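Novice: the sequence and its predicted three-dimensional model are supplied below.
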Amino acid sequence: MNTASVPGDAPPKIIFRIVMIGFHGVGKTSFMIRYFDHEYLDQRPVTIGIDFKIEIKERDGRECKYQIWDTAGAERFAALPRAYYKNSHGMLIFVDLSQPSIEAQLTKWMTEIEKFASDNVCRLLVGTKSDLPQVISDEDFAEYAMKYNMPFIKTSSKGNINVAEAMSQIMDNVYQQSKDLNFMNMPIQFRGEPHRQNNCSC
């Protein structure tokens, strides 16, 4: 857990990293723009490499800094996000509900999370473009989330549906996880190290 020194008796600042992953065009950047800038752009900028924003919230009298990382989904940038997986506390896995390839999308990203992320990283499955005709039914979407033991939420950046709710959920989850596992005073356990922890699926 990263902390920053604070003068006096104030507790140290807690820093969380949340990484957004998903294929190119799935809507990660639109989600980020809607949440932080409160707008929707028809002509969305393409993420080149990695971009991030910061959200600061107070939790139990302590200042928490959430670093939200938007990763490029294009195949030519595939290796870049992996460097950010290991030290992340939360993962937002984006899938496009208007496309039929949700299983292939999830298989790729869950394989990478299993390989590169920590054992106790919190995950949230985010279905995007819920304002469009849905190829994936609500039942199938829930079934995929259950298969990988993680919560899920349907969103629309264009319609401003559940964007703030999704972000609030993952931030709440990583903070609660940090309390449950005492992350404020101990490092994350990574794959291959002893005392393996369960994935956060709250």
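Specialist: Received the coordinates, thanks.
Novice: low-confidence ranges, this protein, go.
Specialist: 1-12, 43-49, 72-81, 182-202 (pLDDT under 70).
Novice: so what secondary structure elements neighbour the longest helix along the chain?
Specialist: When the chain is scanned for its longest helix (criterion: DSSP state H), the result is helix 163-180. Applying 3 or more Cβ pairs under 8 Å, 6 or more residues apart in numbering; DSSP states H and E, we find helix 163-180 packed against strand 13-21, helix 28-37, strand 50-59, strand 62-71, strand 90-96, strand 122-128, strand 152-154. C-beta coordinates here come from the backbone N, C-alpha and C atoms, glycine included.
Novice: I'd say I136 and I102 touch.
Specialist: Yes: I136 lies in contact with I102 (Cβ atoms under 8 Å); the separation is 5.2 Å.
Novice: can you mark which positions in stretch 84-101 are buried?
Specialist: 84-85, 87-99 (16 or more other Cβ atoms under 10 Å).
Novice: max pairwise distance over the residues you listed: which two?
Specialist: Pairwise distances across the buried residues of stretch 84-101 peak at 32.5 Å for N87 and S98 (criterion: Cβ to Cβ).
Novice: got the end-to-end distance for stretch 122-136?
Specialist: 24 Å (Cα to Cα, to the nearest Å).
Novice: shared neighbours, I136 and I102?
Specialist: V95 (Cβ atoms under 8 Å, 6 or more residues apart in numbering).
Novice: comparing the two, which residue is more hemmed in?
Specialist: Ranked by neighbour count (other Cβ atoms under 10 Å), I136 and I102 place I136 first, with 21 against 18.
Novice: so what's the residue nearest to the spatial centre of the chain closest to, chain neighbours aside?
Specialist: Nearest residue to the geometric centre of the chain (Cα atoms, centre = their mean): L92, 2.4 Å. Among residues not flanking L92 along the chain, M20 sits closest, at 4.6 Å (Cβ to Cβ, 6 or more residues apart in numbering).
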